[in-house]
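# What shape does this take:
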Amino acid sequence: MAYNIKYRMRNRMAVILKRVIRENGLVDTGTLVDSVRINAEITDKSNLRIQILAAYYFGFLNNGTISIPPYDLVYKFNVALYDADIYSEIFAEYTEYLLNTYPILDAVNIVERGQDVFFDFLPLFGDFTGTLDY
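Here you go, the predicted model:
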């Protein structure tokens, strides 16, 4: 049972990530910013899994390379989501969903399972075989 985060919230998250990219001066042609999309769900263990879809070089900019220092974009994105109370809103909506779907004791048991946040990356337009540092 995965709970998919609604489009409105995923769009807000994408806007925040685009802002993080801009604040780090990583806009040249605009391809990276334009490519950003977010998928998000709460897994059956009550953990929030955020999938970042973006141009493949997002991964290299985040992690760094031999000639590029790491920009730590995912870390900054995580902090920005926390500062904007996005996590609070997501887990509040999830809790409301659980209370409307399950008996209260079952809902409480489900919520107590996790509430950790994980990030995945799906590269577009090329390959990135590593994992994101965050």
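# Spit out the contact partners of residue 39.
Counting by C-beta atoms under 8 Å, 6 or more residues apart in numbering, residue 39 touches 10, 50-51, 53. Glycine gets a C-beta too; all of them are placed from N, C-alpha and C.
# for this structure, what spans make up the helices?
7-23, 31-35, 57-63, 73-83, 86-101, 104-111 (DSSP state H).
# Tell me which of the ones you listed sits most buried.
Ranked by mean neighbour count under mean count of other C-beta atoms under 10 Å, these are led by helix 57-63, which reaches a mean of 21.
# Now render the helices of the chain as JSON lines, adding distance to residue 120.
Below are the helices of the chain laid out as JSON lines (distance: least, C-beta to C-beta, whole Å):
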{"stretch": "helix 7-23", "distance to residue 120": "13"}
{"stretch": "helix 31-35", "distance to residue 120": "16"}
{"stretch": "helix 57-63", "distance to residue 120": "11"}
{"stretch": "helix 73-83", "distance to residue 120": "10"}
{"stretch": "helix 86-101", "distance to residue 120": "16"}
{"stretch": "helix 104-111", "distance to residue 120": "22"}
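# For this protein, name the helix or strand with the lowest mean pLDDT.
Ranked by mean pLDDT, DSSP states H and E, the helix or strand of the chain with the weakest confidence is helix 104-111, at a mean of 62.
# ok, back up a step: filter the contacts of residue 39 down to the buried ones.
With burial judged by 16 or more other C-beta atoms under 10 Å, the buried subset of the contacts of residue 39 is 10, 50, 53.
# ok, the second one - contacts?
Neighbouring residues of residue 50 by C-beta under 8 Å, 6+ apart: 13, 38-40, 117-120.
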